[in-house]
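A.B. asks: Okay, predicted coordinates and the sequence, questions at the end:
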Amino acid sequence: MTAPRVRLHIEDSGGAGRPVILIHGWPLSAASWKAQLPVLRDAGYRVISYDRRGFGRSDKPADGYEYDTLAADLAGIIEDLDLKEVSLVGFSMGGGEVARYIGNHGEARLHSVVFAAAVPPYLLKGSDNPDGPLTQEAADGMAADLGKDREAFFDGFTRTFFSANGKLKVTEAQRLEAVALAHQSDQTAALGCMHAFATTDFRADLERVAVPTLVIHGDSDGTVPFEGSGKRTHAAIAGSELILLKDAPHGCNVSHADEFNLALLNFLKK
């Protein structure tokens, strides 16, 4: 059962081209796509981005921070705007919405999908998911640290988010922009979505993906490691394409924006 719909902050370029929906990562907002928005618009696409419930400029309800509701929020946007031939681009946590949207709502309105540094197929390590890159102990520790001190948590999280092999791959100003976006999140939403992306099993959803698919990931992602996520998603979706960005951290759409954008544009042309 999904939670009721809420007001979401949506940015729509309104162009005549094929629609591309950008779904942001945790704990950021649609503003985290600023390196992609003008490039996609200039290429002629109708670019739509939105702040997930509980984040950025969207409403911050007390519930709905599980993937069935988050995917229903995405479906609501697609249906309200009557979009067809849509390309969904899900970054990190947003890749979960892409998978669950297909699992729950099908592909009739879709043209293609992109999993960018994304959390599927299933992060939490367990007896039935031995290749999961996230241990229960680490998940519990993250939740405890966020609950104890948001400022310290977001400072440390963004350093890992944008670092590869121990080196920060963005400017300090770019990192601080991400910290500011993180602080726009509601604490209930931040904790609820952290639990969702850590513990949701998307393996059955990926089995239903039949549209053209791109998996793009940093080879040095310390937040959502490639071997436990992108590599497995690529293997799970027959015919999917894989672009592995060299020396790239989790936040590769910022740190390696030119390479990320080129891969995205080349895929969307198909």
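C.D. replies: On my side now, so go ahead. None of these values were measured; they are calculated from a predicted model. Residues are numbered from 1 along each chain as shown.

A.B. asks: could you say which helix or strand contains Thr233?
C.D. replies: Here Thr233, judged by DSSP states H and E, is contained in helix 230-236.

A.B. asks: Check the average confidence over that helix, would you?
C.D. replies: In this model, helix 230-236 carries a mean pLDDT of 98.

A.B. asks: Local confidence estimate at Gly14?
C.D. replies: If you check Gly14, the pLDDT there is 81.

A.B. asks: Now do the same contact list for it.
C.D. replies: Contact analysis of Gly14 by CB atoms under 8 Å, 6 or more residues apart in numbering lists Arg46. To be clear about C-beta, it is placed using only N, CA and C from the backbone, and glycine gets the same treatment.

A.B. asks: quick thing: my sequence starts at 32, can you match it?
C.D. replies: Fine by me, first position is 32 from now on; the one you just mentioned is Gly45.

A.B. asks: and it, that one's in a strand?
C.D. replies: No - read with DSSP: H, G, I helix; E, B strand; the rest coil, Gly45 is coil and lies in no strand.

A.B. asks: What values do phi and psi take at it?
C.D. replies: Phi and psi for Gly45, reported as degrees, to the nearest 10, are phi 70, psi 10.

A.B. asks: Please tell me how far it sits from Leu114.
C.D. replies: Going from Gly45 to Leu114 by CB to CB, to the nearest Å gives 12 Å.

A.B. asks: Tell me where the stretch 32-181 of the chain has helices.
C.D. replies: 68-73, 98-111, 125-136, 167-179, 181-192 (DSSP state H, counting those that start in this stretch).

A.B. asks: Please identify the deepest-packed of these.
C.D. replies: Highest mean neighbour count among the helices of the stretch 32-181 of the chain (mean count of other CB atoms under 10 Å): helix 125-136, with a mean of 25.

A.B. asks: Identify the spatial nearest neighbour of Ala106, chain neighbours not counted.
C.D. replies: Nearest non-adjacent residue to Ala106, counting by CB to CB, 6 or more residues apart in numbering: His136, 4.8 Å away.

A.B. asks: what's the answer for Phe146, then?
C.D. replies: That would be Gly126: by CB to CB, 6+ apart, it lies 4.4 Å from Phe146.

A.B. asks: from what I can see that neighbour touches Ala149, true?
C.D. replies: Yes - assessed by CB atoms under 8 Å, Gly126 is found in contact with Ala149 at 2.3 Å.

A.B. asks: joint contacts of these two?
C.D. replies: Contact criterion CB under 8 Å, 6+ apart; residues shared by Gly126 and Ala149: Thr264.

A.B. asks: doesn't Ala229 make contact with Ser98?
C.D. replies: Careful, residue 98 is Tyr and not Ser. No - using CB under 8 Å, Tyr98 is not in contact with Ala229; the gap is 11.5 Å.

A.B. asks: Would you map the strands across the stretch 132-281 of the chain?
C.D. replies: For the stretch 132-281 of the chain, strands defined by DSSP state E, counting those that start in this stretch occupy the ranges 141-147, 194-195, 198-199, 244-249, 272-276.

A.B. asks: what angle separates the first one from strand 272-276?
C.D. replies: The reference is to strand 141-147. Put simply, strand 141-147 runs at 30 degrees to strand 272-276, going by axes from the mean of the first three to the mean of the last three CA atoms, to 10 degrees.
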